[in-house]
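**Student:** Here is a sequence with its predicted model. Questions after.
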Amino acid sequence: MQGADSGPPLRGRVLGGMQKVIPSPRQPLPAAKAEPLPGLAGSAGSAGPTGTGGTGGATRKPTRPTAKHAAIRGRGDHRLYAVDGLRLLAALVVALHHYAGTWRVNQPDNLIWGQPVSDIMPNWFRISAYGWIGVEIFFVVSGFVICMSCWGRTPRQFFTSRVIRLYPAYWFSIIFTTAVVVALPGVWERKQGREILLNFTMLQGGSGVSNVDLVYWTLWSELRFYLLFMAVVVTGLTYRKVVVFCCLWGAAAMIAPAAGFHVLTLIVNPEGAWYFIAGLALYLMHRFGQDLLLWGIVAMAWLMGQLELGHRIDTVEKVSSWRGSVLIFTVFLLVMVAIALGYTDRIRWKWLVTAGALTYPFYLMHYLVGTTIINRLRDTMDARLLVVSVIAGFLVLSWLVHKFVEAPLARLMKRGLDTSFARLRNASSMS
């Protein structure tokens, strides 16, 4: 497994009740027996230290591979249950925002509620007006989780894991949403057949084609992050390479728009770049320990993030204040710091694994279908009860989709992709 090739000086330190050793490039690392890491797919197997020369009885200096493996921290080898819970929480607040807190639903004669939602449930509106920040939370968590899940993986494994994670639930969501919009017209416009078909590629964001469901816009940001991060995965992830990647990506995200370089701006995604960068830096903290450089990257991400929050409020959301939005985002980042530094390691509630699994299908399906259901049922029950019922219904549906669609199709796709890549390797060796 790849490890760090850079970091702060070697020292013992008590953190969260355990002494942690932070590796340094300026002195040899202690030789340690490498063990496989349970919980991370693609982790390396056992490998003892190897010498660089000398007689059989002499003390051997660890080679580069041993030093890298010894640099891996103890907290990098188990599931972070708190992250699963945070992901579901972010999805729930986004759904609440879409149902009861957007500028759209607060307009007179809107098609969802028929009147401003602030007149129907003013307290809920004031709270849910800030739920859109859940999307930024998704991006930070994505940077953290992607860096964690592909550490020690090959580019092929990274590609396969992303395909089987993203597409099965997404394909079902397109079919489900389109069927509901056709069956229950009057709220959302039905897309043209060629637009629906192109949505199955997940590349409509770069093709000038509208999304079947408006929430799909975030997937285009995710795909660009994966494309950029693949360049680091190809060379093998290390502390130094990920830090350099964060700095270069952040610089490009600032320079490209200012220089009017439209192609580069499209690739580096300045609107979302700093949220992903924050997640990457936080994972490096989790794996290798905190240092001033990583704190600087997180601080820079916060500064750039608060500016982007204000821009989104002015141009898109229009229902929440900048101060409140920055406060919520800051609290969330502090929670992520606590997770990164191990203060939530004692949280091991098994139900959070299921909660994390529900997040993606829930997010994909909740908006167009949920608002259409509200339109049909708004006069039959209390508005607050209706919102809670719709959210609960989508949680149940998301579990069914995960169990009977997403998981089986992911296994089938993984077998097919593994076979295809094996065939590609064999063909290359025979050419």
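**Tutor:** Sure thing, it's come through.

**Student:** Below-threshold pLDDT in this protein: ranges please.
**Tutor:** Applying pLDDT under 70 to the chain flags the ranges 1-77, 428-431.

**Student:** Show me where it has its strands.
**Tutor:** Secondary structure of the chain (DSSP state E): strands at 11-15, 18-22.

**Student:** Please name the residues that touch the most centrally placed residue in the chain.
**Tutor:** In the chain, the centroid-proximal residue (CA atoms, centre = their mean) is S142; its distance is 1.6 Å. Contacts for S142 (CB atoms under 8 Å, 6 or more residues apart in numbering) come out as 222, 225, 276, 279. For the C-beta atoms, the positions are set from N, CA and C on the backbone; glycine is no exception.

**Student:** Turn the residues you listed into TSV, including neighbour count.
**Tutor:** Formatted as TSV, the contacts of S142 follow (neighbours: other CB atoms under 10 Å):
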residue	neighbour count
E222	19
F225	24
F276	30
G279	28
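
**Student:** that older thread, how much space between the residue nearest to the centre of the chain and F225?
**Tutor:** 7 Å (CB to CB, to the nearest Å).

**Student:** what is in contact with the two at once?
**Tutor:** F276.

**Student:** Buried residues, the longest helix seen in the chain. List them.
**Tutor:** Ranked by residue count under DSSP state H, the longest helix found in the chain is helix 155-183. In terms of neighbour count (16 or more other CB atoms under 10 Å), helix 155-183 has its buried residues at 156-162, 164, 166-174, 176-178, 180-181.

**Student:** Against which helices or strands is it packed?
**Tutor:** In terms of contacts (3 or more CB pairs under 8 Å, 6 or more residues apart in numbering; DSSP states H and E), helix 155-183 is packed against helix 193-199, helix 217-235, helix 351-377, helix 407-430.

**Student:** List the buried residues in stretch 212-228.
**Tutor:** 212-213, 215-216, 218-226, 228.

**Student:** Tell me the one among those nearest to R126.
**Tutor:** The shortest approach to R126 among the buried residues of stretch 212-228 belongs to V215, at 22.6 Å (CB to CB).

**Student:** could you measure the closest residue in space to that closest one that isn't next to it in sequence against R415, distance?
**Tutor:** Closest residue in space to V215, ignoring its immediate chain neighbours: Y367 at 4.9 Å, by CB to CB, 6 or more residues apart in numbering. As judged by CB to CB, Y367 and R415 stand 32 Å apart.

**Student:** of these two, who's got more company?
**Tutor:** Y367 (20 against 11; other CB atoms under 10 Å).

**Student:** Could you give the number of residues near E308?
**Tutor:** With other CB under 10 Å as criterion, E308 counts 17.

**Student:** which residues touch it?
**Tutor:** So E308 contacts 271, 274 (CB under 8 Å, 6+ apart).

**Student:** Who are the contact partners of the residue nearest to V215?
**Tutor:** Counting by CB under 8 Å, 6+ apart, Y367 has contacts 95, 98, 213-215.

**Student:** for those residues, which one is nearest N375?
**Tutor:** H98 (13.0 Å).

**Student:** Quick check: closest non-adjacent residue to that closest one.
**Tutor:** Per CB to CB, 6+ apart, closest to H98 is Y367, 5.2 Å.

**Student:** roughly how far apart are V263 and A252?
**Tutor:** With CB to CB as the criterion, V263 and A252 are 11 Å apart.

**Student:** Name the residue in the two with the higher neighbour count.
**Tutor:** The neighbour comparison of V263 against A252 (other CB under 10 Å) goes to A252, with 20 against 8.

**Student:** Please verify my assumption that the more buried one contacts L264.
**Tutor:** Yes: using CB atoms under 8 Å, A252 is in contact with L264, at 6.4 Å.

**Student:** for stretch 108-123, the distance to its chain's centre please.
**Tutor:** Computed by CA atoms, centre = their mean, to the nearest Å, the separation of stretch 108-123 from the middle of its chain amounts to 32 Å.

**Student:** sorry, that was for stretch 349-357
**Tutor:** 16 Å.

**Student:** Ok, stretch 308-328 next?
**Tutor:** For stretch 308-328, the distance to the chain centre is 21 Å (CA atoms, centre = their mean).

**Student:** Could you number the chain from 21 rather than 1 from now on?
**Tutor:** New numbering, starting at 21: the last item is stretch 328-348.

**Student:** Buried ones in that stretch, by neighbour count?
**Tutor:** Buried positions in stretch 328-348, judged by neighbour count with 16+ other CB under 10 Å: 328-329, 332-333, 337, 339-340, 345-346, 348.

**Student:** Farthest pair within the residues you listed?
**Tutor:** Checking the buried residues of stretch 328-348 with CB to CB, the most distant pair is E328 and V339, at 16.9 Å.

**Student:** Look at V425 and say how many residues are nearby.
**Tutor:** 17.

**Student:** can you pull the contacts of it?
**Tutor:** By CB under 8 Å, 6+ apart, the residues touching V425 are 188-189, 192.

**Student:** Now render those residues as JSON lines, adding distance to G256.
**Tutor:** Formatted as JSON lines, those follow (distance: CB to CB, whole Å):
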{"residue": "P188", "distance to G256": "29"}
{"residue": "A189", "distance to G256": "30"}
{"residue": "F192", "distance to G256": "35"}
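
**Student:** From those residues, pick the one nearest A321.
**Tutor:** Checking the contacts of V425 one by one against A321 (CB to CB), the nearest turns out to be A189, at 28.5 Å.

**Student:** In this structure that closest one contacts F424, no?
**Tutor:** No: using CB under 8 Å, A189 is not in contact with F424; the gap is 11.3 Å.

**Student:** Which residues are in contact with E291?
**Tutor:** Contacts of E291 (CB under 8 Å, 6+ apart): 241, 328.

**Student:** which residues of the stretch 221-370 of the chain fall in helices?
**Tutor:** Secondary structure of the stretch 221-370 of the chain, counting by DSSP state H, counting those that start in this stretch: helices at 237-255, 259-279, 282-288, 293-308, 312-332, 342-360.

**Student:** so where do the helices sit in the stretch 71-220 of the chain?
**Tutor:** Going by DSSP H, counting those that start in this stretch, the stretch 71-220 of the chain shows helices at 84-90, 101-120, 137-140, 142-148, 153-169, 175-203, 213-219.

**Student:** closest one to G225 among those helices?
**Tutor:** G225 lies closest, by CB to CB, to one member of these: helix 213-219, at 9.8 Å.

**Student:** Count the residues that sit near M305.
**Tutor:** 24.
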